[in-house]
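Visitor: show me how the following folds:
(one chain, ligands or ions: 1)
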Amino acid sequence: MVLKLYSFPKSPNVTRIAVLLHEKKVPYDFVLVNTVEGEHKTPAYLAKHPFGQIPYMDDDGFILYESWAIARYICEKYRDQGPDLLPTDLQKRALFEQAASVEQTNFQPHAQAIVHEGFVKELVYKQEPNKARLEEAKKILEAKLDVYEIILSKHKYLAGDEITLADLIHLGWGAHLSRAGFNALKDTVKRPNVAWWFNELESRPSWQAVKDGVRSYAGQDSV
Ligand SMILES: N[C@@H](CCC(=O)N[C@@H](CS)C(=O)NCC(=O)O)C(=O)O
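Guide: Numbers count the residues shown, from 1 in each chain. Presented below is the predicted three-dimensional model:
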C-alpha cells in the first residue's frame, strides 16, 4: 500500500516530509484532513493522532505522528535510495543532531508564528492576527538567522558540507515566510550565506515536485 500522509497538502509540516519522499523517490498519497471543519479533533482522527494535529503517516498500517519523527523514519527506511540524509558516522551524526535541534528550537517555532500570524490565521481560520506576536517573532528570527549566517559561512550546509535532513526540513516553514512579508532568508546583502543555502534548497527538483504536487491538488495555489 502506498504511504499516506494525512494533512492538507499545503501544510508546512507535511511539505517538509513530502520533499524527503521526492528525494527518496518514494510514491505517496495525501489524505485530506479538513482542519477548518475540525476533522483533526474527531474521535476517529484522535485514535490515530492523540494530540489532534496534522500530519500523521500511515505506512502500510504503521501509524506515526510528529513531522520530525516521520522525517527520520523515511530517511532511515529509504537510506539506500537517493541521497543519504541521515549520517551514521558518530561525529557527523552528532553534528546532524545539533543542526536538527537548532531547527526545532531556533527556527521552526518563530517561523511558524510568523506564518500563522502573518496570513494563515486570517486567511484560513478567519481570525484576527496578533500583530505584536508577529513583530516579536520576526525580530527573534532575524537574530537567529544572523547566527545561521555565521554557521553557514563555515560550511555549505548546517551540519557540514553535505546536505542532510536538518537542512531540507527548513523548506516547509521557510518557503511560506515571504508570503508573511518576511524575506530575511533571501537577503543576499545582509546574509549572503543564508541566502545561498536557502536558494540551494528551494532549487532542488524535489522541492519543485512538491510545489507542483500541491498546485495540482484540489486547485490549491502552491507553497
Ligand atoms: N510538532 C508537530 C506539530 C504539528 C502541528 O502543530 N500541526 C498544526 C498545523 S501546522 C496543527 O495541527 N494545528 C492544529 C492544532 O494544534 O489543533 C509536528 O511537527 O508534527
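
Visitor: what mean pLDDT does the longest helix belonging to the chain get?
Guide: If you go by DSSP state H, the chain has its longest helix at helix 131-154. Here helix 131-154 scores 98 as its mean pLDDT.

Visitor: which other helices and strands contact it?
Guide: Where contact means 3 or more C-beta pairs under 8 Å, 6 or more residues apart in numbering; DSSP states H and E, helix 131-154 is packed against helix 108-115, helix 192-202. For the C-beta atoms, the positions are set from N, CA and C on the backbone; glycine is no exception.

Visitor: show residues contacting it.
Guide: Residues from elsewhere that reach helix 131-154, judged by C-beta atoms under 8 Å, 6 or more residues apart in numbering: 106-107, 110-111, 113-114, 117-118, 158, 180, 182, 184-185, 190-194, 196-197.

Visitor: redo the helices and strands packed on helix 131-154 as JSON lines? Include mean neighbour count.
Guide: JSON lines is the format used below for those (neighbours: other C-beta atoms under 10 Å):
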{"stretch": "helix 108-115", "mean neighbour count": "22"}
{"stretch": "helix 192-202", "mean neighbour count": "18"}
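
Visitor: follow-up on the earlier one: for the longest helix of the chain, which positions count as buried?
Guide: Across helix 131-154, burial judged by 16 or more other C-beta atoms under 10 Å covers 134, 137-138, 141, 144-145, 148-149, 151-152.

Visitor: report the contact partners of Asn193.
Guide: Residues in contact with Asn193 (C-beta under 8 Å, 6+ apart) are 148-149, 152-153.
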